[in-house]
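# next one to model:
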Amino acid sequence: MADFADIRDNFEFLGDWEDRYRYVIELGRSLEPLNDAERNDANKVQGCASQVWLVRDGGGDGSEAPLHFRGDSDAHIVRGLIAILLALYNGRSAPDALEIDAPAMLAGLGLDAHLSPQRSNGLKAMMARIADEAQRAVGHAS
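Here you go, the predicted structure:
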């Protein structure tokens, strides 16, 4: 999976939004698939127009353990948005994840201006879910 800096560089390199959308979809194809049992209500992200599931894999005890998420969606573009979020968050400790200004990072890609309101709301719901998981990890370490 690409890291966020590579994704940002590729967005800058790609000239038009049609190419960028294709790239986002390509990123989604790189996601590790979820099994059927993981596509459950507990993992489903509420507030998304598409079906979205996020799974936090165990990364050890304590808030300094690296977070690792996997995700999937029934929509190609949303799978790509999940891949971008995972590139932003995976491998970071919970406190570091809580410090990320994801809306600003994603705005740097220009996504905010090129997503429908429904997709933007879904993206916000995914970011909130990741923040909740990071907050839980910090809480368990206290």
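# only C-alpha atoms from now on, for both contacts and neighbour counts.
OK.
# what is the mean pLDDT for the longest helix along the chain?
For the chain, the longest helix by residue count, based on DSSP state H, is helix 117-141. Helix 117-141 shows a mean pLDDT of 90.
# now the helices for this structure?
Secondary structure of the chain (DSSP H): helices located at 4-13, 17-29, 76-89, 94-99, 102-107, 111-114, 117-141.
# now the longest helix of the chain, how far from the centre of its chain.
Its chain's C-alpha centre lies 9 Å from the corresponding centre of helix 117-141 when counted by C-alpha atoms, centre = their mean, to the nearest Å.
# which helices and strands does that helix pack with?
helix 76-89, helix 94-99 (3 or more C-alpha pairs under 8 Å, 6 or more residues apart in numbering; DSSP states H and E).
# ok so, going back, so which of the helices of the chain is nearest Asn43?
If you check each of the helices of the chain against Asn43 by C-alpha to C-alpha, helix 117-141 wins as the nearest, at 9.7 Å.
# below-threshold pLDDT in this protein: ranges please.
Filtered on pLDDT under 70, the chain yields the residue ranges 1, 59-62, 140-142.
# again, 90 this time
Residue ranges of the chain with pLDDT under 90: 1-2, 15, 32-33, 48-49, 57-65, 110-117, 136-142.
# contacts only, for the residue positioned nearest the centre of the chain.
Centroid-nearest residue in the chain: Leu85, 2.5 Å away (criterion: C-alpha atoms, centre = their mean). Remark: with contacts taken as C-alpha atoms under 8 Å, 6 or more residues apart in numbering, Leu85 is in contact with Met127.
# can you mark which positions in stretch 3-17 are buried?
Of all the residues in stretch 3-17, those buried under the rule 16 or more other C-alpha atoms under 10 Å are Phe4, Ile7, Arg8, Phe11.
# the first one is in contact with Ile82, isn't it?
Just to be clear, that refers to Phe4. No - under the criterion of C-alpha atoms under 8 Å, Phe4 lies out of contact with Ile82, with a separation of 12.0 Å.
# report the two of the buried residues of stretch 3-17 separated the most.
Comparing the members of the buried residues of stretch 3-17, the greatest separation, given C-alpha to C-alpha, is between Phe4 and Phe11, at 10.5 Å.
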